[in-house]
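*Asks:* Please find the sequence and the predicted model below.
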Amino acid sequence: MSGRNTKKNKNRKKTTESATGEGGGGAVERKFLRLVKREIESGREDVTKNTYGEAGLEEYLVASQFVNLKGDIYDECARKYYYKSSEMGNPIGQFSMAVLYLQGTLSHPINNILGVELMLKSSKAGCGLALFSEGMWVLEGKYGKQKDPVKANKMFHKALKDPVLSQLKQNKSPHVGCLISLAHMRLSGLGCSKSYSAALKHFKAVEEIEPGKINVMVIKRLEFLEAVSGVELQREADFRNRRLKEMLKSIQFQSLGDWILLYQHCGFELSVKPSTEEGLYRFTHHNLLEWMGRVGAMLTLSEDYPAMGDAVPCLGCERPGCEVTEDTSGKEMKKCSKCQAPYCGVACQRKDWARHNPVCEAVHASIWNELTQHEMEILKQDEGLVGKLTRMGISGGEFLQVSASLKECTHSSTSIPCGLECFAENSARSMNKYSYTLVGSSVLTEKQRQIAREVGILLPRDFGKSRPPVKAGFGELAVSTVSTKEVTSIGDNCAMRAITLTHPMGALLFNVLWNRLVEDLGGTCSCCRAGLMADNEGH
C-alpha cells in the first residue's frame, strides 16, 4: 500500500517538475512555447500582434494555455507568464494582470491599487477589454471614478473599434456587454442622444454574436417604437433642414410658388396650397413663415425628393447671424443637451437662449413623445376611446400609468402647439418669432402595422393612415405661372428648426409600449435601474 502511495507522489512530483521546469524538466512549458510560436508564425495571431505589438504577445498566449489546465502549479505558471507579458508592456497582458489583482483569480492576492493602475494603462493603450471595464467603472462610479455617462459612452464606442474584441471566441461577454450598454444608453438618452434605430442596431449585433441573448419581443417592440417615435422623425427633419438652410443663404426674395418648390426639392410638402394669385407674391423667408402661421400650414416629409442624393452640408451654429460652421472652425459643433441643436460654443448658445428655449422644449417633448394635459383632454373627448384602447390591447391600468405623468401645453405662452390636434385647434402664429416650422407625423406602412400586430397592438383603421390634410379653399398652385427668375441677393442666416408633431393617440401608444419595454428589460443590475441594462455576465 505504501509502495503505491510512493509511486503516486513520484508521479505528482514529476508532473510539477514538467510544468515548472524544475530539475531540468519543463515539458509542458516547452510544449506550450513551441505551440504558441507556431501559432504566431502561421499568422493566426496577426490581429492581436498588429493591434498590440509583438512584445509580450508570446508570454500572454503561453499564460492563456496554462489557464485551460486545472491545478495550483498551472495557475502559478499562468500568473508568471501574465506578469511577464504585462511587464513587457503588452496591453492585453496588462489587462489580464489587472483582472488577477482585482478579482483574485488564479489564486492571486487581491491588490486593487495595482489592478486599477494596470487596467488604466491597458485602457490608455486602446485595449477593448480594458476600455469596457473602465467604461463600466465610469458609468457606475466605481474604483474612484466619477459617474460620467458621456465619457462611458465614448469608451464603449472606442472599445468596439478594437478588432481583438470581436476575435475573442471563449469570452464574448465584453463585446456583448459593450453593445448592450450602448443600446440601453441610446434607449434612455443617457450620455448620448436618444435613438431607437441605434439601439435596435446594437441589439441586432448582439444577436449575431450570441443568438437568443435578446428577447425576440424586445426586438419587435423596438422596431415598432422606431416606427412611431418622434426621435427618428425629428432626426430626418433636421437632416433635410440642413440642405434647406444652406440654400436659404443665397435667397432674399422670391415668389411663394418658388418657396414651395424649394421646400419640395428638399423633401418637405406643405399642407396648404396657395391660390394661383398667391403663388406669385414675392416673399422673404420671414414672410413665408408668417404666411404659414396665418393659413395654418405645416410640413410633411416626402418619401422621395430631388435633393435626396445631394451632399449634406456641414453643421453650422444655430444662432441667427452666426456664420461659424464645422468647416470654418475646424471643430465639431457643440450640441444642446436637450434637443441636439448645434452651437459653435456656450457664448452663442447663451445669446440665443431667449429664442431657442421655447423651440428646445417643444423638440425635446417631441423626441420623448411626451403627452400633454391638453392632448389627454382631447383623447378623453373621444366617445369611442375605451373601445379603441381595448382593441389596441391597452389596459385601463396602462392608460392611468401614462396619465400620471403629463406635461403642460405651452401654446398659450409661446403659440407653439403640443401636437397635431393642438395645431388643428390653435394653429401656430410664432413661427417667425422663434424661427421654426412644424412637421407632421409620417404615414405608417403595412409592414409597420404588421409589426404592431406582432407585439399585440391592433391599430385603429384611421391611425397613421393619412398625413395632415391639405386645406381646401386656397386654390391649386399653377407651377407654370410661378416666377423662375434667379434671385442672388444674400438673405439672413436664418436659424430655422423643424418641430415634429404627432397625434395624441400615437404618443399614448408610444408611452404604453415604452413602459412595457422597460418592464421587459428591468430587474437586473443597478445599471438597468438607471435606465441601462447589462447582464451580470456582461459586467
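*Replies:* Cool, got the structure.

*Asks:* all strands of the stretch 401-539 of the chain, in order?
*Replies:* Using DSSP state E, counting those that start in this stretch, the strands found in the stretch 401-539 of the chain span residues 436-440, 497-501.

*Asks:* Strands along the stretch 251-400 of the chain, start to end?
*Replies:* 254-255, 268-270, 282-283, 299-301, 334-335, 342-343.

*Asks:* Let me know which of these is tucked in deepest.
*Replies:* Neighbour counts (mean count of other C-beta atoms under 10 Å) averaged over each of these peak at strand 342-343, with a mean of 24. All C-beta atoms are positioned from the backbone trio N, CA, C, and that covers glycine.

*Asks:* Report all helices and strands that that strand contacts.
*Replies:* On a contact count with 3 or more C-beta pairs under 8 Å, 6 or more residues apart in numbering; DSSP states H and E, strand 342-343 meets strand 334-335.

*Asks:* What is the strand it packs on packed up against?
*Replies:* Helices and strands touching strand 334-335, by 3+ C-beta pairs under 8 Å, 6+ apart, are strand 342-343.

*Asks:* can you redo the strands of the stretch 401-539 of the chain as CSV with mean neighbour count, mean pLDDT and distance to residue 362?
*Replies:* As requested, those are exported to CSV (neighbours: other C-beta atoms under 10 Å; pLDDT from 0 to 100; distance: least, C-beta to C-beta, whole Å):
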stretch, mean neighbour count, mean pLDDT, distance to residue 362
strand 436-440, 24, 86, 8
strand 497-501, 26, 85, 5
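
*Asks:* In JSON lines, list the ones you listed along with distance to residue 386.
*Replies:* Listed next are these as JSON lines, based on distance: least, C-beta to C-beta, whole Å:
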{"stretch": "strand 436-440", "distance to residue 386": "27"}
{"stretch": "strand 497-501", "distance to residue 386": "25"}
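
*Asks:* and the residue most central in space within the chain, backbone torsions?
*Replies:* Central residue of the chain (C-alpha atoms, centre = their mean): residue 186, 3.6 Å from the mean position. Phi and psi for residue 186, reported as degrees, to the nearest 10, are phi -70, psi -40.

*Asks:* Same question for residue 92.
*Replies:* Taking degrees, to the nearest 10, you get phi -80, psi -30 for the backbone angles of residue 92.

*Asks:* Start the count at 331 instead of 1 going forward.
*Replies:* With 331 as the first residue, the last one maps to residue 422.

*Asks:* Could you say which helix or strand holds residue 396?
*Replies:* Element membership for residue 396 (DSSP states H and E) is helix 387-397.

*Asks:* How about residue 544?
*Replies:* Of the helices and strands defined by DSSP H and E, none includes residue 544.

*Asks:* ok, it - contacts?
*Replies:* 533, 536, 537 (C-beta atoms under 8 Å, 6 or more residues apart in numbering).

*Asks:* Pull the contacting residues for the first one.
*Replies:* Contact analysis of residue 533 by C-beta under 8 Å, 6+ apart lists 509, 510, 513, 544, 548, 549, 552.

*Asks:* Please narrow these to those residing in helices.
*Replies:* Residues from the contacts of residue 533 lying in helices, with DSSP state H as the criterion: 509, 510, 513, 548, 549, 552.

*Asks:* Which entries within those meet the buried criterion?
*Replies:* 509, 510, 513, 548, 552 (16 or more other C-beta atoms under 10 Å).

*Asks:* returning to what we had before: tell me who's in contact with the closest residue in space to the residue nearest to the centre of the chain that isn't next to it in sequence.
*Replies:* Nearest non-adjacent residue to residue 516, counting by C-beta to C-beta, 6 or more residues apart in numbering: residue 529, 4.0 Å away. Residues in contact with residue 529 (C-beta under 8 Å, 6+ apart) are 513, 514, 516, 517, 552.

*Asks:* In the stretch 681-830 of the chain, where is pLDDT below threshold?
*Replies:* Scanning the stretch 681-830 of the chain with the threshold set as pLDDT under 70 gives 771-775, 778, 790-825.

*Asks:* Walking through it, point out its helices one by one.
*Replies:* 683-697, 703-710, 715-721, 726-733, 741-744, 750-756, 761-764, 776-784 (DSSP state H, counting those that start in this stretch).

*Asks:* will you turn the ones you listed into TSV that also has distance to residue 503 and mean neighbour count?
*Replies:* What follows is those, written out as TSV (distance: least, C-beta to C-beta, whole Å; neighbours: other C-beta atoms under 10 Å):
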stretch	distance to residue 503	mean neighbour count
helix 683-697	32	21
helix 703-710	43	18
helix 715-721	42	14
helix 726-733	34	14
helix 741-744	49	15
helix 750-756	45	18
helix 761-764	48	20
helix 776-784	30	15
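
*Asks:* and these as a markdown table, adding distance to residue 845?
*Replies:* Shown next, in a markdown table, are the helices of the stretch 681-830 of the chain (distance: least, C-beta to C-beta, whole Å):
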| stretch | distance to residue 845 |
| --- | --- |
| helix 683-697 | 17 |
| helix 703-710 | 16 |
| helix 715-721 | 14 |
| helix 726-733 | 6 |
| helix 741-744 | 26 |
| helix 750-756 | 22 |
| helix 761-764 | 32 |
| helix 776-784 | 16 |
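
*Asks:* So which of the strands of the stretch 731-869 of the chain is nearest residue 450?
*Replies:* Checking these against residue 450 by C-beta to C-beta gives strand 827-831 as the closest, at 41.2 Å.

*Asks:* For that closest one, enumerate the helices and strands it packs against.
*Replies:* Checking 3+ C-beta pairs under 8 Å, 6+ apart, strand 827-831 ends up next to helix 560-578, helix 683-697, helix 750-756, strand 766-770.

*Asks:* Within the sheet, what are the partner strands of that strand, with directions?
*Replies:* Strand 827-831 has its sheet partners listed here by DSSP bridges as strand 766-770 (parallel).

*Asks:* Show me the shaky parts of this structure.
*Replies:* Within the chain, the stretches falling below the threshold (pLDDT under 70) are 331-355, 771-775, 778, 790-825, 852-869.
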